[in-house]
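[1] Build me a model:
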Amino acid sequence: MRRTKIVATMGPATDTPESIEEMLAAGVDVVRMNFSHGESEDHVKRAQMVRDAAERLGKIVAILGDLQGPKIRIERFENDKVIINDGDTFILDSSLDQNAGTQERVGIAYKDLPRDVEAGDELLLDDGRIVLQVSQVKGHEIHTNVTVGGTLSNNKGINKRGGGISAEALTDKDKEDIKTAAKIGVDFLAVSFPRNAEDLNLARSLLHEAGGNAAIVSKIERAEAVVQPILDEIILASDVIMVARGDLGVEIGDANLPLMQKKLIKRARARNCAVITATQMMETMIDNTIPTRAEVFDVANAVMDGTDAVMLSGETAVGRHPAKVVSAMSAICEEAEKSTWSKFSKHRVGKHFDRIDEGIAMSTMYAANHMGVKGIGALTESGSTVLWMSRISSGIPIYAMTTNEKTCRKVAMYRGVYPVWIREKITNSRHANSIVVERLIDDKVVNKDDLIIITRGDLMGAGSDGGTNQMKVIRVGEHVR
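    Numbering: from 1, shown residues only. All right, here's what the predicted structure looks like:
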């Protein structure tokens, strides 16, 4: 059973009911809808296709809505592209018409960029393929010298080495897209380029105002976002963080990215926050039917680092083999999870637990890892208990069993957690225990005489976050009470 979850991005390659169903059947746990492309009606339609496909397959699939964020990019050229060479001078002009770019200058979508840079700064365009050194700023013009040249085409992104661009994380478009996200009922809402915890709190507030209650994902993309204490503040304000390696790598330097990825995963898990690792994980499979060995190592290393999920972007959005890339990524994750590194944890050892349900969760994992328990059935309303459990590295499957459909989709993101939507009314503790045992037997997780652990709360099934306060060890086949 694969423990690491797979997030796949929708796009032209997966825009029909048939292609979506094929992709979900291959192993997708969370579908990402990129709000940078398409209209509100398009997103509503696609979300319904995803839910219909999941229903046909009898599978729990969550939806992640990804906000575009500020457009920090150049505008367009008269002839769509230019070639600039090392040593050339080039001007970024915030007052230039958006379609009037030439060999000498081009417009910029973010009009305040001249205020955010000064002589000596380094600007990186098109994911760092073009590098410009700022020589001076004159009003609305940023004069630069080209230090790394090449072909520059329309609408390429701009990053500042070391960060420091002051653009707000939520644009007017994002605020409208939050309303669409609430209408769809997305399970996760990703905020692009957050600068601090306040950006995430604002997104959550706007989502609640619009009638949504999705978990908030912060995309770690800015250099200033990985500096303490801002990083910890962002993690604590988030339900999930995304290691968005594209823009982050450009701003902090690609050589610093591997260590930063490990740091982000470790710090997030220590603070009971889920983690998605993203960007170019299986990039060559946009065209090819197999990944490169470097991509295999990349995915496996993220799994062994402890990421909850790995994400596919262009591979499933515009790629030629969406289902194949999902299957390939799934196989890599399963193999990496066999490593002892993926099953060893010192999470919260020696720490004090302030909540009863957290103490139950930690005790459950300690007992499970030391007693040869084959499976855990956690009856949960909010999903908090299984989140805490999933922070402990283990090879033991955690079944999140809930009467709350929304919770069921939310926990689909957590590593090693398998969501089960209980559609019947739970009448008493014996009934609850029987449901858990029967499901683990049906899924061939356990056999007669195996040990399992069941956790629950006194108010389980009452539609209230009563809090888990019970842990029961059961031997399969014995009388269940």
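[2] And the helices in the stretch 251-400 of the chain, which stretches?
    Assigned by DSSP state H, counting those that start in this stretch, the stretch 251-400 of the chain shows helices spanning 257-270, 293-305, 314-317, 322-336, 356-371, 384-390.
[3] Just send the ones you listed back as CSV, with distance to K81 and mean neighbour count too.
    All C-beta atoms are positioned from the backbone trio N, CA, C, and that covers glycine. Putting these into CSV (distance: least, Cβ to Cβ, whole Å; neighbours: other Cβ atoms under 10 Å) gives the following:
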stretch, distance to K81, mean neighbour count
helix 257-270, 28, 18
helix 293-305, 28, 19
helix 314-317, 20, 24
helix 322-336, 29, 22
helix 356-371, 55, 18
helix 384-390, 46, 26
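[4] Of those helices, which is nearest N79?
    Distance to N79, taken as Cβ to Cβ, is lowest for helix 314-317 among the helices of the stretch 251-400 of the chain, at 25.7 Å.
[5] which other helices and strands contact the closest one?
    strand 5-9, helix 322-336 (3 or more Cβ pairs under 8 Å, 6 or more residues apart in numbering; DSSP states H and E).
[6] which one of the helices of the stretch 251-400 of the chain has the lowest average pLDDT?
    With a mean of 91, helix 356-371 has the lowest mean pLDDT of the helices of the stretch 251-400 of the chain.
[7] Go ahead and measure how far that helix is from the middle of the chain.
    On the basis of Cα atoms, centre = their mean, to the nearest Å, helix 356-371 sits 26 Å off its chain's mean C-alpha point.
[8] Make CSV from the helices and strands packed on helix 314-317 and add distance to M389 to it.
    CSV is the format used below for the helices and strands packed on helix 314-317 (distance: least, Cβ to Cβ, whole Å):
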stretch, distance to M389
strand 5-9, 15
helix 322-336, 19
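[9] Of all these, which one is nearest I252?
    With distances scored as Cβ to Cβ, the stretch of these nearest to I252 is strand 5-9 (22.9 Å).
[10] And the contacts of the closest one?
    For strand 5-9, contacts defined as Cβ atoms under 8 Å, 6 or more residues apart in numbering pick out 14, 23, 27-34, 64, 276, 278, 308-317, 322, 326, 329-330, 333, 412-415.
[11] on that earlier part again, turn the helices of the stretch 251-400 of the chain into JSON lines, including distance to R423.
    Output for the helices of the stretch 251-400 of the chain, formatted as JSON lines (distance: least, Cβ to Cβ, whole Å):
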{"stretch": "helix 257-270", "distance to R423": "32"}
{"stretch": "helix 293-305", "distance to R423": "32"}
{"stretch": "helix 314-317", "distance to R423": "30"}
{"stretch": "helix 322-336", "distance to R423": "27"}
{"stretch": "helix 356-371", "distance to R423": "24"}
{"stretch": "helix 384-390", "distance to R423": "19"}
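[12] what's the closest of those to K160?
    helix 257-270 (16.8 Å).
[13] relative to helix 293-305, how tilted is the closest one?
    30 degrees (axes from the mean of the first three to the mean of the last three Cα atoms, to 10 degrees).
[14] how close does the residue nearest to the spatial centre of the chain get to L206?
    Compute the mean C-alpha point of the chain, and by Cα atoms, centre = their mean the closest residue is I276, 3.7 Å away. To L206, I276 is 22 Å away according to Cβ to Cβ, to the nearest Å.
[15] ok, now which ones touch the residue nearest to G38 when sequence neighbours are not counted?
    Excluding the flanking residues, the one nearest G38 by Cβ to Cβ, 6 or more residues apart in numbering is R46, at 7.9 Å. Contact partners of R46, counting by Cβ under 8 Å, 6+ apart, are M10, D15, M33, G38.
[16] Who are the contact partners of S330?
    By Cβ under 8 Å, 6+ apart, the contact set of S330 is R2, I6, A26, G27.
[17] scratch that, Y399 is what I was asking about
    Residues near Y399 by Cβ under 8 Å, 6+ apart: G375, I376, G377, A378, V417, Y418, V420, V436, R439, L440, V445.
[18] one more time with 6 Å, if that's ok
    Contacts for Y399 (Cβ atoms under 6 Å, 6 or more residues apart in numbering) come out as G377, Y418, V420.
[19] do G377 as well
    Y399, M401, V436, I454.
[20] What of M311?
    Neighbouring residues of M311 by Cβ under 6 Å, 6+ apart: V7, I276, A278.
[21] And it, how close does it get to E21?
    Taking Cβ to Cβ, one finds M311 at 20 Å from E21.
[22] Could you do R269 as well?
    As for R269, its distance to E21 is 33 Å (criterion: Cβ to Cβ).
[23] cool, V131 as well?
    V131 is 44 Å from E21, where distance means Cβ to Cβ.
[24] likewise F90?
    48 Å.
[25] T171 now?
    When distance is defined by Cβ to Cβ, T171 is 34 Å away from E21.
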